[in-house]
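**Student:** Quick check, what structure comes out for this input:
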Amino acid sequence: MTAALLPTYSLWTRDLKHFVRQRSRVIGAIGQPFVIWILLAAGFKNTASAAGTDYGAYLFPGVILLIALFAAIFSTISIIDDRRSGFLQAVLASPASPAAIVTGKLLAGTTIALLQSLLFLVLLPFTGIGFTLEAFLLSMLVLAGTGMLLTALGFLLAWHMTSSQGFHAVMNLLLLPMWMLSGAFFPLEGAAGWMQILMRLNPMYYITTLFQNTFFLGSGVAAVPGPAPWISVAILIGLFAVLYFVSLRTVRVS
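**Tutor:** Okay, the predicted model is just below:
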């Protein structure tokens, strides 16, 4: 392994080891979305979504995105802990480049999000969704991009904060409304007019629509109509590029 890749690999594996060793964190990351899905699916059991499908099946890919949100929160909070312990200062003083530091953290958060999503997929047979190999590969690709984007957002917020409690409060205030107004919880067509405007301004709406379309591909479940896939892909890539380069600049000036 080259000297340029070693810091990235080291930071990536360090965060993964911390995640695996914290069983309560694993249970909490999966347990809360599981409870949300069970309660909402049961509560709206006799309610069809705007696409005419079972609400539990409609909500399932949205819950997977919620898992990615929680992964972004829990993976980037380690930045605050590392600053307190002095590890972050040691990394900044090392020969590791800002790109290695940022990339290592983003890869760790994305990997954790994908691992948690794969665990949640064991519930897929209870939804009645026919999951094809093509749908699996494409949806995991979209989820990986979403994980990178959300972890980059969490990275920027965590870098400027000193309190883990404050970080949790800010992330919950920001990310949960982003998820609820993304079309994962309810489709845009059934919302009030003012809420539809907020949803269209929400980048997560375009990402959720893209993920739903790839997840339901070939399953017989009709995804709710939304923006063209190329628009969603452009927004995902564009936002990630902006957050990544801002993160690089932030680390350089630290």
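
**Student:** all helices of the stretch 101-250 of the chain, in order?
**Tutor:** Secondary structure of the stretch 101-250 of the chain, counting by DSSP state H, counting those that start in this stretch: helices at 133-159, 164-180, 193-201, 203-215, 229-252.

**Student:** where in the chain is pLDDT low?
**Tutor:** Applying pLDDT under 70 to the chain flags the ranges 1-4, 23-26, 28-30, 44-53, 222-223.

**Student:** Please identify the helix or strand for the residue nearest the centre of it.
**Tutor:** When the chain is reduced to its mean C-alpha position, the nearest residue by C-alpha atoms, centre = their mean turns out to be A68, at 2.8 Å. Using DSSP states H and E, the element containing A68 is helix 55-76.

**Student:** orientation of that helix relative to helix 133-159 in degrees?
**Tutor:** 40 degrees (axes from the mean of the first three to the mean of the last three C-alpha atoms, to 10 degrees).

**Student:** export helix 55-76 as CSV, just CAs?
**Tutor:** Only the C-alpha atoms of helix 55-76 are listed here, as CSV (Å, rounded to 0.1, in the frame of the first residue of the first chain):
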residue,chain,number,x,y,z
TYR,A,55,-47.7,1.5,2.6
GLY,A,56,-45.2,-0.7,4.4
ALA,A,57,-43.6,-1.6,1.0
TYR,A,58,-43.6,2.1,0.0
LEU,A,59,-41.9,3.1,3.2
PHE,A,60,-39.2,0.4,3.2
PRO,A,61,-36.6,2.1,1.0
GLY,A,62,-37.3,5.4,2.9
VAL,A,63,-36.3,3.6,6.1
ILE,A,64,-33.1,2.4,4.5
LEU,A,65,-32.3,6.1,3.8
LEU,A,66,-33.1,6.9,7.4
ILE,A,67,-30.5,4.3,8.4
ALA,A,68,-28.0,6.2,6.2
LEU,A,69,-28.9,9.4,8.1
PHE,A,70,-28.2,7.9,11.4
ALA,A,71,-25.0,6.4,10.1
ALA,A,72,-23.9,9.9,9.1
ILE,A,73,-24.7,11.2,12.6
PHE,A,74,-22.9,8.4,14.5
SER,A,75,-19.9,8.2,12.2
THR,A,76,-18.9,11.8,12.2
